[in-house]
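got a predicted structure plus its sequence, pasted below:
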Amino acid sequence: MDKAVLICAALACIPMNAPGQVKCDSKYFPMSKSGSIGCCQHPNPEPDRDHSYEFDQYLVLGNVPSPFRPVLGHRQTGEVCSNAPVAPSKTPTKDCVVTLLSKPGGQGVCQFGPCGARVVGTWKGTDAVVFQPNPPHASICGYQIKRGRQIEDNCYPEKYTGQPKYDSVAPSCPFNGCLSGGTPVIYYTINVLPVHATGHTSIDPGNISLIGAAHRTLTYHEPDSSVTVTASPTGPDAQHTKVKFSGSCSQTGTRGETIRCTISPQSRSATLTVKYMKCSGAECETTPHPVINSGTQ
């Protein structure tokens, strides 16, 4: 995207007397991801005309020397688990959902997810900075994108020459899903895969027991909800069975050993795969049986 398009698509019509820019609020960033190494947000400059969102956010996604990759993102914020109001209405609609498999823009998927943000666009480059512009532009977020040794950088509303930069933002939103009606939730998924072996998988809280192959999705409303999964080899080959965790936890037990994994909103993944593997000599089977026991809670 060239400089002219970048400016017009982002901030071309913001009046100079708009409310000021500030560091991004951490509540818009999911705890399962890394946040941003630099982020600025400013209020919707025309809230009386455009009711579709509350803040514009400009965030640094990452800086690498090459090759080109997304380095700057533009997001907008709104009411969690909602779709933007359609004029002349000023009220968001909430007949939408977000699951662990949802894709932005999918049918029935909330535009503003469980943390209240939607992606507007990203730009590629080798380096980006988000900064506080000089007067008379001090009310808006400034940004600049470098593209290798290109002489003219993409920037708005002025070139970066050492103005104060915005700091990193640590995420604080625990939710990863939405129920229809506007309720943010935490989803955890447990997949159990026997590989010529079997075991007993328990989930707490809830005192849930899974025997053999299984798929279970759990839904929680409290922001600090976590679960502990305990996996124990069973059956005649228990002493020759290893348990392997992947996804939320990465761990492999010894033969016959019981292992545990605690999944929380800070976990790198909301999905835990539990694999029971029969071992003979130095080798363990790796091809699982199909899942036969499924359900949700």
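Perfect, thanks for sending it. Keep in mind it's a predicted model, so treat the numbers as computed, not measured.

so residue 145 sits in a strand?
Yes. Counting by DSSP: H, G, I helix; E, B strand; the rest coil, residue 145 is located in a strand.

return the residues in contact with it.
Counting by Cβ atoms under 8 Å, 6 or more residues apart in numbering, residue 145 touches 6, 71, 72, 123, 125, 127, 128, 153, 154, 155. In this view, the C-beta of every residue, glycine as well, is placed from N, C-alpha and C.

please tell me how far residue 257 sits from residue 198.
15 Å (Cβ to Cβ, to the nearest Å).

the two - which one has more neighbours?
residue 198 (20 against 14; other Cβ atoms under 10 Å).

give me the neighbour count for the closest residue to that one other than its chain neighbours.
Nearest non-adjacent residue to residue 198, counting by Cβ to Cβ, 6 or more residues apart in numbering: residue 235, 4.7 Å away. Counted by other Cβ under 10 Å, the residues lying close to residue 235 total 17.

pretty sure residue 235 is touching residue 197, no?
Yes. The pair residue 235 / residue 197 is scored as a contact, 6.9 Å apart, by Cβ atoms under 8 Å.

joint contacts of the two?
residue 241.

hang on, residue 58 in a helix?
No. Assessed with three-state DSSP, residue 58 is strand; it does not lie in a helix.

look up how far residue 29 lies from the residue nearest to residue 112 when sequence neighbours are not counted.
In this structure, residue 112 finds its nearest non-sequential neighbour in residue 78, 4.1 Å apart by Cβ to Cβ, 6+ apart. Separation of residue 78 from residue 29 (Cβ to Cβ): 15 Å.

ok, residue 89 next?
Distance from residue 89 to residue 29, by Cβ to Cβ: 28 Å.

before we move on, what about residue 223?
Taking Cβ to Cβ, one finds residue 223 at 14 Å from residue 29.

between the two, which one's more packed in?
Taking neighbours as other Cβ under 10 Å, residue 223 and residue 29 compare with residue 29 leading, 23 against 14.

helix or strand for the closest residue in space to the more buried one that isn't next to it in sequence, which one?
Counting by Cβ to Cβ, 6+ apart, residue 29 lies nearest to residue 171, which is 3.5 Å off, once chain neighbours are set aside. Using DSSP states H and E, residue 171 sits in no helix or strand.

hang on, residue 171 packs against residue 30?
Yes. In terms of Cβ under 8 Å, residue 171 counts as a neighbour of residue 30; the distance is 5.7 Å.

picking that back up, count the neighbours of the residue nearest to residue 29 for me.
Quick note: residue 171 (other Cβ under 10 Å) scores 19 neighbours.

just list the residues touching it, thanks.
Residue 171 neighbours (Cβ under 8 Å, 6+ apart): 26, 29, 30, 31, 32, 33, 34, 35.

cool, and residue 129?
38, 60, 143, 144, 160, 165.

so which of these wins on neighbours?
residue 143 (27 neighbours).

how much space separates that one from residue 45?
16 Å.

quick one: the helices in the stretch 51-200 of the chain?
Taking DSSP state H, counting those that start in this stretch, the stretch 51-200 of the chain contains no helices at all.
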